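Visitor: Starting from these lines, generate the structure:
(one chain, ligands or ions: 2)
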Amino acid sequence: MSMLSVLRKIVQEVSTAPDLEAVLDLIVRRIQRAMRTQVCSIFLFDSVQQRYVLRATQGLHQEAVGNVSLSMTEGIVGQVGQRAEPINLEDASRHPAFHYLQATGEERFHAFLGVPIIHHRSVLGVLVVQQVEHRRFDESEEAFMVTVSAQLAGIIAHAEATGSINSEQHPQAHVRAKHDRHFNGVAAASGVAIGTVVVATLAAELETVPDKPAHDIAAELEAFRSALDAVRDDIRTVSKGLAQRLHSEEQALFDVYLRMLGDPALTDAIETLIRAGSWAQGALRDVILVQVRQFNAMEDPYLRERATDVRDLGRRILSYLQEGAGPVSIDCPEDSILVADELSPTMLGLVPEEKLVGLVSVSGSGTSHAAIMARSIGIPTVMGVIDLPFTRLEGRQVIVDGYSGRVYVNPSDKLLEAFREVMREERAVAAGLEGLRDLPAETTDGYRMPLWVNTGLVADVARSLQRGAEGIGLYRTEIPFMIRDFFPSEQEQLQSYRSQLEAFAPRPVTMRTLDIGGDKALPYFPIEEDNPFLGWRGIRVTLDHPEIFLVQVRAMLRASEGLNNLRIMLPMVTSVHEVDEAVRQIDRALLELQDEGYQVLRPLIGVMVEVPAAVYQVRRFARMVDFVSVGSNDLTQYILAVDRNNPRVAGLYAAYHPAVLRALQYIARETRKEGKPVSICGEMAADPGGALLLMAMGYEVLSMNSNNLPRVKSAIRGVSLARAQSLLNRVLRMDDAEEIHQYLRQTLKQLGLGQLTRPKLPHQNP
Ligand code: PEP
Ligand code: MG
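Guide: Ligands and ions are numbered 1, 2, ... in the order given. Model prediction:
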């Protein structure tokens, strides 16, 4: 077998192991065998003890496992960890750092190769192979070890995290209490929430099925049996339908499937778990995954293939069970924290609004659309918590720290109290801001800054009016499209647009034409692409589908009849001809409607500047339309080449990057040269510091989520335009986003606006 297939096999097997012990054990056994060494061991770093502990071995004394450890500077293992690079020695005992571990029986071994196990830049541990003879491991062996270690690091981190939350009875539980375990993600909506986890399940993937108790054992048994029958029927139907076209051995596969389904070993095991109190999906997951592992471990390639069949069958049964259960979690606790593998805007509806206090997503990032919506509702959210073992969290208590992007599982009483104090502070700040509602957003030297809002959800309108919004700068029309089963008709669209326009009249309402693609999918219009953010998005889709575009524009125009406060905005514009074409279509719809007798006036039309191409042609665009609005969320991602949805690069997504600030300043200047108004509707406007910079750059309208409007108003009222301009000049001379961020925070504090930045959090205390 080639090294690559050995590697693949190890990774595949390890990724289905049930817990950390099994993961580590499999790794050492497989590597020892693949490399034909006498010893393979894993030391993992224990952050409580600050030591590398021997956690698994093949070849050293088993009694040493868990009992032998090295400090960060001790032994060659410590050196590998410290340098974060491999050490390859012909005779370890001759190395100056050698530290003899008597309990392991390692004195017989001379050749030593240790490679670090690194996950997200931090060293999780060290993987070691040893041999009796004096020899240096060759280059290809070293390369193999480095590759295996890099591939396994994520699996180890995940298994370790899962283990830690399952180990309240761990011998070190008392130590642990002093070190509350947290998972890092991206701070996506500020605020703190304490509550009970509700896991959202949508996809028929066995690995993502959460643990849940059976509320009604008889009902769960019944659900399982009918799912089994349904799958059996499906297989029989398919098998019959294909009978003429299949070879006999392929036909035989269906028989194998049917036999497996009838196998009492499988069904009994599942039913036993249900009777012991698990819901059907969890019992199915456990039994199927054990079988998958068993088949995977077999030497015979034919039997190994059966692993795929078992998994496939499991998935089929699961999808029937999920269909029956529906995606909705039935009884949500009072303070629910919704946790999902991939949080989508539509999932927010799974928990009743009055019970939803926090959101957590394993994937996604701060400017993912689910995060933007969470900010607008004002629900503390952490996205991109890559290592969160979310299927194990149902019913657990967690703290969501939406300021620093942390999720604490099973927090200690001390930590809970500290976060409750932060929540009390938050309430006091919010109460202080309430008085601003009817006051203008005016600087101390009398400059008036219009503050508008971004909307999408029905509830946004009322909330926005409550907070004193002066207009809508961005109505994300795709949001209502997303929570349906097919494209809404002209009549349906007309009604929802009319209610927005009416609620705000005579104040302006900016409706963006359908902006799907990227991370916004319509269930009834799937777009599958390798690179969705560089793909068929926004105006590109609607220009290719004039029937969708025209229906939408007609609905908008008709909705504006008699109100005349409509503005239409075009997303993701890259080229002049797109603007030309879109404006032509809007004019065509207008003429048609006027011919049909509607009293509609031509609305103001604007373009969004969201891609670098639009920055450099902004003056040309400004001449073609009535206004320009910057979508800084997308502009930041495209200028920095950082996917706004990818948690791995979330640390690189920086709205205050000097390049982004320069682009923003350029856009404002160039648009104003054409005498056209320039506004911004990306998330940057919702940040008090960002709002001051944008005001100083000459942006004439700031549009933001309604939740942040009072903070921004407070910042503007606390500063003079002149001061904001000097702040901008200073910031534009800095070359680092983090430095700029810090400086803005510090300035707000100096202005007496420290309460608008984040509060002091428990982990920042000495
Ligand atoms: C933006 O990109 O900044 C924007 C406002 O649009 P969206 O976030 O909906 O992509
Ligand atoms: Mg955008």
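
Visitor: and Ala614, how many residues sit next to it?
Guide: Using other C-beta atoms under 10 Å, Ala614 is surrounded by 27 other residues. Bear in mind the C-beta positions are built from the backbone N, C-alpha and C, glycine included.

Visitor: Which helix or strand contains the spatially closest residue to it that is not a sequence neighbour?
Guide: Spatial nearest neighbour of Ala614, excluding adjacent residues (C-beta to C-beta, 6 or more residues apart in numbering): Val573 at 5.6 Å. Following DSSP states H and E, there is no helix or strand that holds Val573.

Visitor: In contact with Val573, which residues?
Guide: By C-beta atoms under 8 Å, 6 or more residues apart in numbering, the residues touching Val573 are Gly538, Ile539, Val579, Ala582, Val607, Met608, Val609, Glu610, Val611, Ala614, Phe621.

Visitor: Trp452 now?
Guide: Here Trp452 is in contact with 469-473, 508, 510, 679, 681, 701-704 (C-beta under 8 Å, 6+ apart).

Visitor: Please name the bridge partners of it.
Guide: Ser703 (DSSP bridges).

Visitor: how about the residues of the protein near ligand 2?
Guide: Proximity of the chain to ligand 2 is confined to Glu610, Gly631, Asp634 under the rule C-beta under 5 Å from the ion.

Visitor: pretty sure the second one is touching Met608, no?
Guide: This means Gly631. Yes. Counting by C-beta atoms under 8 Å, Met608 is a contact partner of Gly631 at 4.6 Å.

Visitor: The stretch 301-450 of the chain: strands as residue ranges?
Guide: Assignment of strands within the stretch 301-450 of the chain using DSSP state E, counting those that start in this stretch yields the ranges 336-340, 356-361, 381-383, 397-401, 406-409.

Visitor: Can you say which of these is packed in most?
Guide: When the strands of the stretch 301-450 of the chain are scored by mean count of other C-beta atoms under 10 Å, the highest mean neighbour count falls to strand 381-383 (a mean of 32).

Visitor: Remind me what that one packs against, helices and strands.
Guide: strand 186-189, strand 356-361, helix 369-377, strand 397-401 (3 or more C-beta pairs under 8 Å, 6 or more residues apart in numbering; DSSP states H and E).

Visitor: export stretch 673-691 as CSV, just CAs?
Guide: Once non-C-alpha atoms are left out, stretch 673-691 reads as follows in CSV (Å, rounded to 0.1, in the frame of the first residue of the first chain):
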residue,chain,number,x,y,z
LYS,A,673,-17.3,65.3,-7.0
GLU,A,674,-20.3,64.3,-9.1
GLY,A,675,-22.6,66.0,-6.7
LYS,A,676,-24.3,62.7,-5.8
PRO,A,677,-25.1,61.6,-2.2
VAL,A,678,-23.0,58.8,-0.8
SER,A,679,-24.0,56.5,2.0
ILE,A,680,-22.9,53.4,3.7
CYS,A,681,-25.0,50.4,4.7
GLY,A,682,-22.4,47.8,5.8
GLU,A,683,-21.8,46.8,9.4
MET,A,684,-19.0,49.3,9.8
ALA,A,685,-21.5,52.0,10.2
ALA,A,686,-23.0,50.2,13.2
ASP,A,687,-19.8,50.5,15.2
PRO,A,688,-19.5,53.7,17.1
GLY,A,689,-15.8,54.2,16.2
GLY,A,690,-16.4,53.3,12.6
ALA,A,691,-19.4,55.7,12.4
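
Visitor: Show me what counts as buried in it.
Guide: Residues of stretch 673-691 classed as buried by neighbour count (16 or more other C-beta atoms under 10 Å): 674, 676-691.

Visitor: One more: stretch 428-439?
Guide: Buried residues in stretch 428-439 (16+ other C-beta under 10 Å): Leu433, Leu436.

Visitor: For it, what is the distance to the chain centroid?
Guide: Centroid displacement of stretch 428-439 relative to its chain, using C-alpha atoms, centre = their mean, to the nearest Å, is 32 Å.

Visitor: swap in stretch 395-403?
Guide: Centroid separation for stretch 395-403 versus its chain: 16 Å, with C-alpha atoms, centre = their mean.

Visitor: Please work out which residues outside that stretch touch it.
Guide: Looking at what lies outside stretch 395-403 - C-beta under 8 Å, 6+ apart - the contacts are 165, 182, 187-197, 212, 337, 339, 358-360, 380-382, 406-411, 415-416, 419, 758-759, 761.

Visitor: Just the buried positions in the helix or strand Lys240 falls within, please.
Guide: If you go by DSSP H and E, Lys240 is part of helix 217-242. Going by neighbour count (16+ other C-beta under 10 Å), the buried part of helix 217-242 is Ile217, Glu220, Leu221, Ala223, Phe224, Ala227, Leu228, Ala230, Val231, Arg232, Ile235, Ser239.

Visitor: other SSEs contacting it?
Guide: Packing partners of helix 217-242 (3+ C-beta pairs under 8 Å, 6+ apart): helix 248-262, helix 264-275, helix 280-296, helix 301-325.

Visitor: who touches both of Gly631 and Met608?
Guide: Counting by C-beta under 8 Å, 6+ apart, the shared contacts of Gly631 and Met608 are Pro571, Cys681.

Visitor: Of these two, give the one with the bigger neighbour count.
Guide: In this view Gly631 and Met608 are compared by other C-beta under 10 Å, and Met608 has more residues nearby, 29 against 26.

Visitor: so is that one in a helix, a strand, or just coil?
Guide: Using DSSP: H, G, I helix; E, B strand; the rest coil, the structure places Met608 in strand.

Visitor: for it, which residues make a bridge with it?
Guide: Applying DSSP bridges, one finds that Met608 bridges with Ser629.

Visitor: just checking, it touches Met569?
Guide: Yes. Counting by C-beta under 8 Å, Met608 does reach Met569; the two are 5.9 Å apart.

Visitor: give the contact list for Leu661.
Guide: Applying C-beta under 8 Å, 6+ apart to Leu661 gives the contacts Leu693, Val731, Leu732, Ile740.
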